[in-house]
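Participant: Take a look and give me a structure for this.
(one chain, ligands or ions: 1)
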Amino acid sequence: MSKRDYYETLGVEKGASKDEIKKAYRKKAMKYHPDRNPDNAEAEAKFKEASEAAEVLLDDNKKSRYDQFGHAGVDGQGGGFGGGGFGGGGGGFGDFGDLGDIFGDIFGGGGGRGRGGRRRSAARPGNDLQMSLEVDFSEAAFGCEKNISLTRLAECGTCNGTGGKDGSQPVNCDMCGGMGEVRRQQGFFTVSQTCPKCSGAGQTVSDPCGTCHGDGRTRKKTELEVKVPGGIDHGQRLKLTGEGDAGSKGGPSGDLYVVIDIKEHDLFERDGFDVHCTIPVSFSQAALGAEVEVPTLNGKVSVKVPTGTQSGKKMRLKGKGIQRLGGYGNGDQIMHIHVETPQKLTKEQEELFQQLASFDSDSSHPMSNGFFDKVKNLFQ
Ligand code: ZN
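Facilitator: Sure thing, here's the model as predicted:
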């Protein structure tokens, strides 16, 4: 198979400048790099082809030979490609010479994929913690301040966090030499794993602190004050930055997440920023209309139940709901009217209801009237 022209491979003119060639190659490399196209033989072939073209065209010597003699002028020279091993563990693209700079631009970090040589720091961030906080319905509605108590890892007071007895400093782990990881050969590959001796910290304490056994942290019970904003809903989380477990050996502390658990209310039920409640009214109040006292989150208010109110009617009290979290205004209170049918009648009440029943008319009960008409039609 004849080789494609190098200029054509990169998509540049014959007189292209070095910058243009680099730019064109960077574009191809980004597209076809094996890291971005795992297990794609076609991409790998294209990547090799572009790399080979760039290697020749960016080298003044090779370029002039190529320009004069074509592929014959450079074949068998350099020879770095193909043997280098894409996809192998840790090897990187060591043979690329100048191209390494371009890889540095593209992939950051020196062109290679190898990750050797980076020393681990012993500092480790602390864990994030989560706890739940029970608040009353109205505390959640209006906001409150709560004291919470939790047990978390804090700097060891005996060794001031160093983990060493009498404040002695940690030393490099002798198993991994401070790398935090050890390597072993497995077939063609080198496999890295977290050092079992120092658990990846890279450092060990020769004479550990008796209180924290070398960790530099101990469990401590702590009290904190939490500001719960008004309008918070059940299940929402508050983040207390830096209030989680302390970091190890100078690492940053984790965060504390407080999950809000709202206690149920006897009268109110919440739906977003609206509150719902059921208002019982008597038969006569519903029939005649009445002024009733209704509870709200901020005290009682008087509400007019209109004449002829049906059970299940919804009435809305604007702005009597929960304050919107971080916003303006409040939700509404929605009242569900429940007309209570009297039970356990006195003799007198019974007589009055019987008397009332004898006066029931179509016009006073339009729904029943319509309903029985429909039933009649159904069975005709
Ligand atoms: Zn200690």
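Participant: Next secondary structure after the helix or strand bottoming out on mean pLDDT in the chain?
Facilitator: None of the helices or strands of the chain scores lower by mean pLDDT, DSSP states H and E than helix 99-107, at a mean of 48. Using DSSP states H and E, the helix or strand that follows helix 99-107 in sequence is strand 129-135.
Participant: List the buried residues in that next one.
Facilitator: By 16 or more other C-beta atoms under 10 Å, the buried positions in strand 129-135 come out as 129, 133, 135. The way it works is simple: take the backbone N, C-alpha and C, and place the C-beta from them, glycine included.
Participant: next one: stretch 140-151
Facilitator: Of all the residues in stretch 140-151, those buried under the rule 16+ other C-beta under 10 Å are 140, 141, 142, 143, 144, 148.
Participant: Can you list the low-confidence ranges for the chain?
Facilitator: For the chain, the stretches flagged by pLDDT under 70 are 1, 76-122, 186, 327.
Participant: The residue most central in space within the chain and residue 255, how far apart?
Facilitator: If you average the C-alpha coordinates of the chain and look for the closest C-alpha using C-alpha atoms, centre = their mean, you land on residue 237, 11.7 Å from that point. Counting by C-beta to C-beta, to the nearest Å, the separation of residue 237 from residue 255 is 10 Å.
Participant: Just give me the neighbour total for residue 265.
Facilitator: Other residues within reach of residue 265, judged by other C-beta atoms under 10 Å, total 16.
Participant: er, residue 232 actually
Facilitator: Taking other C-beta under 10 Å as the neighbour definition, residue 232 ends up with a count of 21.
Participant: That one - that's part of a strand, no?
Facilitator: No - remark: residue 232 does not belong to a strand; assigned using DSSP: H, G, I helix; E, B strand; the rest coil, it is coil.
Participant: residues touching it, list them.
Facilitator: 135, 140, 143, 238, 260, 325 (C-beta atoms under 8 Å, 6 or more residues apart in numbering).
Participant: can you tell me which residues contact the fourth one?
Facilitator: For residue 238, the contacting residues are 226, 228, 229, 232, 257, 258, 260, by C-beta under 8 Å, 6+ apart.
Participant: who in this structure is up against the ion?
Facilitator: With C-beta under 5 Å from the ion as the criterion, the chain comes near the ion at residues 156, 158, 159, 209, 211, 212.
Participant: Go through those and flag which are in strands.
Facilitator: Under the assignment DSSP state E, the residues of the chain next to the ion contribute nothing to strands.
Participant: is it possible to export those to TSV including distance to residue 42 and neighbour count?
Facilitator: Compiled in TSV, these are given as follows (distance: C-beta to C-beta, whole Å; neighbours: other C-beta atoms under 10 Å):
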residue	distance to residue 42	neighbour count
156	57	22
158	62	17
159	59	24
209	59	23
211	61	16
212	56	23
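Participant: Output these as JSON lines; include the columns distance to residue 62.
Facilitator: JSON lines is the format used below for the residues of the chain next to the ion (distance: C-beta to C-beta, whole Å):
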{"residue": "156", "distance to residue 62": "62"}
{"residue": "158", "distance to residue 62": "66"}
{"residue": "159", "distance to residue 62": "62"}
{"residue": "209", "distance to residue 62": "62"}
{"residue": "211", "distance to residue 62": "66"}
{"residue": "212", "distance to residue 62": "62"}
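Participant: picking up where we left off before, closest one of the buried residues of strand 129-135 to the ion?
Facilitator: Distances from these to the ion were compared by C-beta to the ion; the smallest belongs to residue 129, at 20.6 Å.
Participant: so how far is residue 356 from the residue nearest to the centre of the chain?
Facilitator: Noted for residue 237: a distance of 57 Å to residue 356, by C-beta to C-beta.
Participant: and residue 225, how many residues sit next to it?
Facilitator: Here the count is done by other C-beta under 10 Å, and residue 225 has 8 residues near it.
Participant: Could you figure out how far the host helix or strand of it is turned away from strand 129-135?
Facilitator: Remark: residue 225 resides in strand 217-229, with elements defined by DSSP H and E. Here strand 217-229 runs at 40 degrees with respect to strand 129-135, directions being taken by axes from the mean of the first three to the mean of the last three C-alpha atoms, to 10 degrees.
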